[in-house]
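Chemist: Give me the fold of what follows.
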Amino acid sequence: MRKSVLVLSGFILMMFFACTTNPFTGKTQFNAVSNDQIFPAAFQQYDEFLKENKVITGTAEARMVTTVGQKIAAAAEKYLNANGYQGYLKDYKWEYHLVEDPSLNAWCMPGGKIVVYSGILPVTKTEAGLATVLGHEISHALLNHGGQRMTAQQAQQVGAAVLGAATTGESEAAQQIYMQAYGVGSNVLGVLPFSRNHESEADKYGLILMAIAGYNPDDALAFWQRMSAQGGGGTPELLSTHPSDATRIANLQKMIPEAKAEAAKFGVTFK
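Modeler: Modelled structure (predicted):
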């Protein structure tokens, strides 16, 4: 019993100190991992990835990745500066690379390390389509979603330790049942909705960034419709880390007016 109380106390302290304010949104977030901790590891992993994969250089597509990425990064700096967070990106070391890979994917590591897979370019089609993707991925980094995911995983592990300590007197079979139930419950009720919320948040701020960069956020709908056409059902939304295509597109339609309104503050307007 005493052990479970100590573990629970540690969990409560972790929860308290993990609540920080994200400068990008101004909202409280659950994140116990600082950029100082996560950036060096991300930069090292990025360099290793580039060494192990074929980086495409000198092509129109590679230049487009760099151009669009730079515009989105500049839009992020404008947005942050306008909201009183000058210098927030000083530790970001932006890089933009196109990698030969048929996957429909792109990502931005914490600290601004970006990769676009060549397989997604037939779906992005235009600069605006690519801006939709990079706005979304860069927003994940700016919103500190990597650190938040790591913190959530730590919290899940601590929760399992609390449950293990609290059920020490139970039979091994009963403990196994408790742990299995906890694993399923913490995923479906905690981790997965947490991840879907991250995706929706990145969609929202990705639209804002692409609009400030001069790309019409209406074009995001066409991109996600093309992405949806590449699928074929997939995992039910309840059990997925991402919103369903229908949910995402419906949410984007609601978010577009706000993105345009934010862009208008910087003198960027759309018909």
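Chemist: Tell me how confident the model is about stretch 225-232, as a mean pLDDT.
Modeler: For stretch 225-232, mean pLDDT is 80.
Chemist: Check the burial of residue 250 by counting its neighbours.
Modeler: Residues near residue 250, counting by other Cβ atoms under 10 Å, number 12. Every residue, glycine included, has its C-beta placed from N, CA and C.
Chemist: cool, and the one 5 residues further on?
Modeler: Around residue 255 there are 19 other residues, counting by other Cβ under 10 Å.
Chemist: That one sits in which helix or strand?
Modeler: helix 245-264 (DSSP states H and E).
Chemist: and that helix, which residues are buried?
Modeler: Applying a neighbour-count criterion of 16 or more other Cβ atoms under 10 Å, the buried positions in helix 245-264 are 245, 248, 249, 252, 255, 256, 259, 260, 262, 263.
Chemist: quick one: the strands in this protein?
Modeler: 19-21, 28-30, 55-56, 95-99, 106-109, 113-117 (DSSP state E).
Chemist: pLDDT weak spots in the stretch 51-200 of the chain?
Modeler: 145-196 (pLDDT under 70).
Chemist: For the stretch 51-200 of the chain, which segments are assigned as helices?
Modeler: 60-82, 121-124, 127-142, 145-166, 172-186, 192-212 (DSSP state H, counting those that start in this stretch).
Chemist: still on that earlier bit, go ahead and name everything in contact with the helix holding residue 255.
Modeler: Residues from elsewhere that reach helix 245-264, judged by Cβ atoms under 8 Å, 6 or more residues apart in numbering: 79, 199-200, 203-204, 207-208, 210-212, 217-218, 220-221, 224-225, 227-228, 231, 237, 242-243, 269-270.
Chemist: how about a cut-off of 6 Å?
Modeler: When contacts are defined by Cβ atoms under 6 Å, 6 or more residues apart in numbering, helix 245-264 is touched by residues 200, 204, 207, 208, 211, 212, 217, 220, 221, 224, 228, 270.
Chemist: and if you look at stretch 209-229?
Modeler: 71-72, 75-76, 78, 123, 128-129, 131-132, 135, 207, 245, 248-249, 252, 256, 259-260, 263, 266, 268, 270.
Chemist: any idea of the mean pLDDT in stretch 254-271?
Modeler: Averaging pLDDT along stretch 254-271 yields 95.
Chemist: Show the buried residues in the contacts of helix 245-264.
Modeler: For those, buried by 16+ other Cβ under 10 Å: 200, 204, 207, 208, 211, 212, 217, 220, 224.
Chemist: And the residues you listed, which is closest to residue 53?
Modeler: residue 224 (26.2 Å; Cβ to Cβ).
Chemist: Once you drop chain neighbours, what's closest to residue 77?
Modeler: residue 89 (5.7 Å; Cβ to Cβ, 6 or more residues apart in numbering).
Chemist: For residue 111, see how far away the one you found is.
Modeler: According to Cβ to Cβ, to the nearest Å, residue 89 and residue 111 sit 9 Å apart.
Chemist: repeat for residue 217
Modeler: From residue 217 to residue 111 the distance is 26 Å (Cβ to Cβ).
Chemist: Count the residues that sit near residue 59.
Modeler: 11.
Chemist: Measure how buried residue 67 is and give me the count.
Modeler: 14.
Chemist: The closest residue to it other than its chain neighbours and residue 201: what is the separation?
Modeler: Distances taken as Cβ to Cβ, 6+ apart put residue 127 closest to residue 67, at 7.5 Å, once the chain neighbours are dropped. Distance of residue 127 to residue 201, computed by Cβ to Cβ: 24 Å.
Chemist: No more questions from me, cheers.
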